[in-house]
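1. Below: sequence and its predicted model.
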Amino acid sequence: MEEDSGHREEATKKEAARTERPAGLIGAVDNVLRLLRMFEDSEMLRVNQVARDMGLSRSTVHRMLATLGHHGFVEQDALSRAYRAGPALIDIGLSVVQNIDIRTLAHGTLVRLRDEIGETVHLAHLRGTEVLFLDSVESVQTLRTGGRIGWTLPAHATAAGKVLLAELPAEALAALYPSDPLGTPTPNTLDSLDRLRAHLDEVRERGYATNDGESENDVCAVAVVVRDKRGRARAAISVTAPSSRAGREWMGDTAKAARHAAAELGGRIG
């Protein structure tokens, strides 16, 4: 009895936390998100159960579930007519977990590439129009570029961001960048959509991206895509160095080494 009481108390606390609504929330969106969070506690949901627990009418819940079903976030069991988490919801969760796990998988690869190249190496992920740096292994040289773990920088101004933007179809790129101008952290940064699209064509042709003082003055970089076993772009490996050591020959040699590292890492990502 005490155990059942504890479960009920915990469930009550969870629901109370969920229903505390700060000002400014959009009611319909809030309801949909609250519904999705119910899958944290139940594998299957029925319309009556959702309507009762959320204090909504059955017709409203039906419309919410129909909309979520259309987008693949839920699916209905043919026999019981109850709803379970759909493939889109599961894929989003798996993508988040995999992007966290890739840092653990990649660290040894980053260390080996740092030792081979002698410069700072990073693992990065595209997040909208920004690139998020998941991990860094710094060079041991006295004059070196620093680590960037947790940094976000404009994707169009970084080698890692540009190599990942080059993977996007034209319509996805247009959605991210609907109009000019582009932000310019330095005078070398690409400042227009036309220049960005032309540059991405070059990236696709040569298979790697470069950054010549575009995100930070006196810092150069080379980046390549990390693809999983299915050929999907999952992250980017970039190598950064002070401009004084990063000439054209260095960029070519670094791109070759980074490609080998990316292929080795991608072979371990399902």
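-> Ah, there it is.

2. what helices or strands is the helix ranked longest in the chain leaning on?
-> Assignment by DSSP state H gives helix 87-117 as the longest helix of the chain. Contacts defined by 3 or more Cβ pairs under 8 Å, 6 or more residues apart in numbering; DSSP states H and E place helix 87-117 against strand 120-127, strand 130-137, strand 233-242, helix 248-266. Quick note: C-beta positions are derived from backbone N, CA and C, even for glycine.

3. so what does the one helix or strand Leu153 maps to touch, helix or strand wise?
-> Using DSSP states H and E, Leu153 maps to strand 152-154. With contacts defined as 3+ Cβ pairs under 8 Å, 6+ apart, strand 152-154 has these neighbours: strand 130-137.

4. now the strand it packs on: how far from the chain's centre is it?
-> 11 Å (Cα atoms, centre = their mean, to the nearest Å).

5. Please export the C-alpha coordinates of it as CSV.
-> Output in CSV follows, covering the C-alpha atoms of strand 130-137 (Å, rounded to 0.1, in the frame of the first residue of the first chain):
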residue,chain,number,x,y,z
GLU,A,130,24.8,27.8,-36.2
VAL,A,131,27.4,25.1,-35.7
LEU,A,132,27.7,23.7,-32.2
PHE,A,133,31.1,22.4,-31.1
LEU,A,134,30.7,19.1,-29.3
ASP,A,135,34.3,18.3,-28.5
SER,A,136,37.8,19.7,-29.0
VAL,A,137,41.3,18.3,-28.6
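
6. deepest of the helices and strands packed on helix 87-117, which one?
-> strand 233-242 (a mean of 25; mean count of other Cβ atoms under 10 Å).

7. what angle sits between that one and strand 130-137?
-> 70 degrees (axes from the mean of the first three to the mean of the last three Cα atoms, to 10 degrees).

8. residue contacts, Val163?
-> Val203, Tyr208, Ala209, Ala223, Val224, Val225, Ala236, Ser238 (Cβ atoms under 8 Å, 6 or more residues apart in numbering).

9. isn't there a helix covering it?
-> Yes: membership of Val163 in a helix is supported by DSSP: H, G, I helix; E, B strand; the rest coil.

10. Look up how far Glu75 lies from it.
-> 36 Å (Cβ to Cβ, to the nearest Å).

11. Tell me where the model's unsure across the stretch 51-200 of the chain.
-> 93-100 (pLDDT under 70).
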